[in-house]
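**Student:** Quick one: sequence and predicted model below, then my questions.
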Amino acid sequence: MKLLLIGSQASNNILRHPLPVLQYTSLPDVIHGTACFILDPADPQQQDALLIHIRQHPHWFAFPVFTVQPSPLSPYLSDGLPPDDLLIRIEQFEQRYQILKVDPEKGLTERLLTYLWLWPGRTLMAKPHPESPRLYDYPLAALWVDQDNELFPWLHSLEREGLIEGATLVDRVRYCSVCHSGHLNYVEACPECGSIDVAAESALHCFACGHVATQTDFLHSGHLSCPNCLSQLRHIGVDYDRPLENYRCHSCHALFVDGAVKVRCLESGHEQTPEQLIVRSIRHYKLTDSGVMYMRNGAQRNLIPEWIGAHVTEEHFYWLLLWQNKLALRHQNSHLVVALRYTELATVIYQLGEAEAITRIDALTQRLQSVLRVTDVCCHYRDDMLLFFLPNTPANHVSVITGKLIALSEEQTTQHLRLDFRLRALPDPTLDDNATIWVQQLLGEFTS
Ligand SMILES: [Zn+2]
Ligand SMILES: [Zn+2]
Ligand SMILES: [Zn+2]
């Protein structure tokens, strides 16, 4: 991998270990293989132009790019300052780049996931964008979409599919219910007639007759007297007080405390109440475990191939446990729940390299066939953890399954992979109405 320095040679000092760096004054036209950019141009505008060029480039967009000086777009498009372990990180990047199973030219989703996966720790950052009706923007993704209004729906669909998730909550914004613009004006209006011609007013309340009117109505040649009963008002709290009503409608003359809040959309002119607005959270996005899996496999599939058993979501699995447990209690059936974990998977991936680790995990999951049946239900609980429901498994069968899993686990020691598992028989009276806690208790045994 080449290290390209664009700008002054002085910034070479920021690299802890002097590395062979190719220096350029501008971006080269062609780069063979992969590259890591270090930008240190004369002015910030030039740096932003370089960042945009690289991130828009069909082949360079995911390459590591470091900036020495900040520029308006550097927090959103660059990878920051070169890290201390630059060489190790570059090596990891290179490894992942070699085993890339996703074609980033296929579409936006592939491109974004590739960008996030190739350099761990990357996030898609939201930036305030006051001119835009959305109020926020994702400068990186905005470089890739043609139509500005496609960006948010696309990100939300990726979030729904579980490929990306919020890393940090940046803000909560409200949009017009008609045109989805965030350019809104909030204004107090009269609760009686709806007019916005209202103003705060200092009102007085005469204790003698109960009359309420503006202070000017009470003022007569420098003294306060009630225009209704003509009594002199000398002491506040004794003769009069200031009522809470402190807004006056200039259209219908109503006096009120809290105005009704009207929201007027500055784009469409549509008027609505605050409750009618669309509320959205703005987040920085990162890759999820499923997103990582997608990148490793080149498709959205779980660790365990489909043929092993029926796959269900976590929610469905919990529901199944509760239902089957109730049935088992009533009809004296017995089932088995198995939790399976690849221990220290992260370390294994680090030691073997991702490609090799995946090959071995695949081989191991193939071997699971000898333990499982087609009717067993599998839930992909976490990146390194699987839950199985083995229906109608008699209690005396537990030792057979335990034996098979131990054998499988021992086979793996030569493969650097370690398999840990826990079994729990159903019915279990402690599994009453919260399967989440029951499963977490089962998984909690792994750490002990
Ligand atoms: Zn009075
Ligand atoms: Zn009014
Ligand atoms: Zn609108």
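**Tutor:** Perfect, thanks for sending it. Ligands and ions are numbered 1, 2, ... in the order given.
**Student:** Got the phi and psi for Asp420?
**Tutor:** Dihedral pair for Asp420: phi -120, psi 150, per degrees, to the nearest 10.
**Student:** Return the residues in contact with it.
**Tutor:** By CB atoms under 8 Å, 6 or more residues apart in numbering, Asp420 lies in contact with Leu340, Arg341, Tyr342, Thr343, Ser409, Phe446. All C-beta atoms are positioned from the backbone trio N, CA, C, and that covers glycine.
**Student:** restrict the residues you listed to those near ligand 1?
**Tutor:** With CB under 5 Å from the ion as the criterion, no member of the contacts of Asp420 is in contact with ligand 1.
**Student:** Identify the single longest strand in this protein, thanks.
**Tutor:** If you go by DSSP state E, the chain has its longest strand at strand 164-175.
**Student:** Could you export the helix or strand containing Asp48 as PDB, CA atoms only?
**Tutor:** If you go by DSSP states H and E, Asp48 is part of helix 44-56. This file holds the C-alpha atoms of helix 44-56, laid out as PDB (Å, rounded to 0.1, in the frame of the first residue of the first chain):
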ATOM      1  CA  PRO A  44      -8.700  24.500   4.000                       C
ATOM      2  CA  GLN A  45     -10.800  25.000   0.900                       C
ATOM      3  CA  GLN A  46      -8.200  23.100  -1.100                       C
ATOM      4  CA  GLN A  47      -8.300  20.400   1.500                       C
ATOM      5  CA  ASP A  48     -12.100  20.100   1.200                       C
ATOM      6  CA  ALA A  49     -11.800  19.900  -2.600                       C
ATOM      7  CA  LEU A  50      -9.300  17.000  -2.200                       C
ATOM      8  CA  LEU A  51     -11.500  15.200   0.300                       C
ATOM      9  CA  ILE A  52     -14.500  15.500  -2.000                       C
ATOM     10  CA  HIS A  53     -12.500  14.200  -4.900                       C
ATOM     11  CA  ILE A  54     -11.200  11.200  -3.000                       C
ATOM     12  CA  ARG A  55     -14.600  10.200  -1.400                       C
ATOM     13  CA  GLN A  56     -16.400  10.600  -4.700                       C
END
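**Student:** Give the next helix or strand downstream of it.
**Tutor:** strand 65-67.
**Student:** Can you name the residues in contact with that next one?
**Tutor:** 36-40, 47, 51, 54-55, 74, 77-82.
**Student:** Tell me which entries of those lie within strands.
**Tutor:** Filtering the contacts of strand 65-67 for strands - DSSP E - leaves Cys36, Phe37, Ile38, Leu39, Asp40.
**Student:** and of those, the nearest to Tyr24?
**Tutor:** Closest approach between these and Tyr24, by CB to CB: Phe37, at 9.5 Å.
**Student:** Which positions are bridged to the closest one in the beta structure?
**Tutor:** Going by DSSP bridges, Phe37 is paired in beta bridges with Leu4, Val65.
**Student:** could you list every residue that touches it?
**Tutor:** So Phe37 contacts Leu4, Ile6, Leu50, Ile54, Phe63, Pro64, Val65, Phe66 (CB under 8 Å, 6+ apart).
**Student:** what's the pLDDT at it?
**Tutor:** Here, the pLDDT recorded for Phe37 equals 93.
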